[in-house]
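Undergrad: Sequence first, predicted coordinates after that:
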Amino acid sequence: MNKGKIAVRYSKALFELALEKNVVDEVYNDLMYITDSIGSYSNFMALFNNVIITKEEKLKILSRAFEEKIHEITWKFLWFLIEQQRDNQLYEIFISFKTLYRKHKNIKLVVITTAYPLSENLKNEITEIFAKKLSSNIELKTEVNCNLLGGAIVRIDNKQLDLSVSTQLNELKKVLKSKVYTKDL
């Protein structure tokens, strides 16, 4: 079975259980916490992909790292994944859960890439504008890419609007290369 389908099935099961027990926000926060923790330790994900490390050893490590810090449902879910040997798909399952959570809470993820960091005031203004325009709650993520020169690239869900200076210059360059200009005498 395809890895993506497995991740969706497991995340749906966790989401429905969390919804039923009225702990969706807690589980979401736990998954964010775990993802942030794992993301900050690159070797941590190697733990889940290592077939030499036993289930018991993985559970001991996870227990020390998370058991007392996360909701019981989240902990049991992690334990279940390890028992089912699906722990190598943890990241994909968490991403799928985040998507379900955002849809349930009417949250749109807006990613803005700029050449320079945005101020907190500007981030707040952008969040307000998009919240009104999209009639949704906004989760704003900002990225910096100095190659843009200026302007911004805005991504909302699967849509992208590229207003960067570098893209506009490249488009102008293509137009100028494709046209033959003659000097009028």
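TA: Here it is on my side, so go on. Residues are numbered from 1 along each chain as shown.
Undergrad: In stretch 146-165, which residues are buried?
TA: By neighbour count with 16 or more other CB atoms under 10 Å, stretch 146-165 contains the buried residues 148, 151-156, 164. (Each C-beta comes from the backbone N, C-alpha and C, glycine too.)
Undergrad: ok, the spatially closest residue to residue 27 that is not a sequence neighbour - contacts?
TA: Leaving out its chain neighbours, the residue that sits closest to residue 27 by CB to CB, 6 or more residues apart in numbering is residue 18, at 4.2 Å. By CB atoms under 8 Å, 6 or more residues apart in numbering, residue 18 lies in contact with 24, 26-28, 73.
Undergrad: can I get the buried residues of stretch 146-165 in TSV with secondary structure and pLDDT?
TA: TSV is the format used below for these (DSSP: H, G, I helix; E, B strand; the rest coil; pLDDT from 0 to 100):
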residue	secondary structure	pLDDT
148	helix	84
151	coil	88
152	strand	91
153	strand	93
154	strand	93
155	strand	94
156	strand	92
164	coil	87
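Undergrad: Which of the residues you listed sits closest to residue 67?
TA: Distance to residue 67 across the buried residues of stretch 146-165 (CB to CB) is lowest for residue 155, with 35.8 Å.
Undergrad: ok, now how distant is that closest one from residue 167?
TA: 14 Å (CB to CB, to the nearest Å).
Undergrad: rewinding a little: element containing the residue nearest to residue 27?
TA: helix 3-20 (DSSP states H and E).
Undergrad: Pull out the buried positions in that helix.
TA: 6-8, 10-11, 14-15, 18.
Undergrad: What residues of the following helix or strand past that helix count as buried?
TA: Sequence-wise, the next helix or strand downstream of helix 3-20 (DSSP H and E) is helix 24-40. Residues 24, 26-28, 30-31, 34-35, 38 are the ones in helix 24-40 that count as buried (16+ other CB under 10 Å).
Undergrad: Taking these together, which two end up most distant?
TA: 24 and 38 (20.9 Å).
Undergrad: how about the CA coordinates for the helix or strand hosting residue 77, as CSV?
TA: Element membership of residue 77 [criterion: DSSP H and E] is helix 72-83. This file holds the C-alpha atoms of helix 72-83, laid out as CSV (Å, rounded to 0.1, in the frame of the first residue of the first chain):
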residue,chain,number,x,y,z
GLU,A,72,-2.6,10.2,26.8
ILE,A,73,-4.3,9.7,23.4
THR,A,74,-1.2,11.1,21.6
TRP,A,75,1.1,8.9,23.7
LYS,A,76,-1.0,5.8,23.0
PHE,A,77,-1.1,6.6,19.3
LEU,A,78,2.8,6.9,19.2
TRP,A,79,3.0,3.6,21.1
PHE,A,80,0.5,2.0,18.6
LEU,A,81,2.5,3.2,15.6
ILE,A,82,5.7,1.7,17.0
GLU,A,83,3.8,-1.6,17.7
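Undergrad: Counting by contacts, list what that helix packs against.
TA: helix 3-20, helix 24-40, helix 55-62, helix 90-104 (3 or more CB pairs under 8 Å, 6 or more residues apart in numbering; DSSP states H and E).
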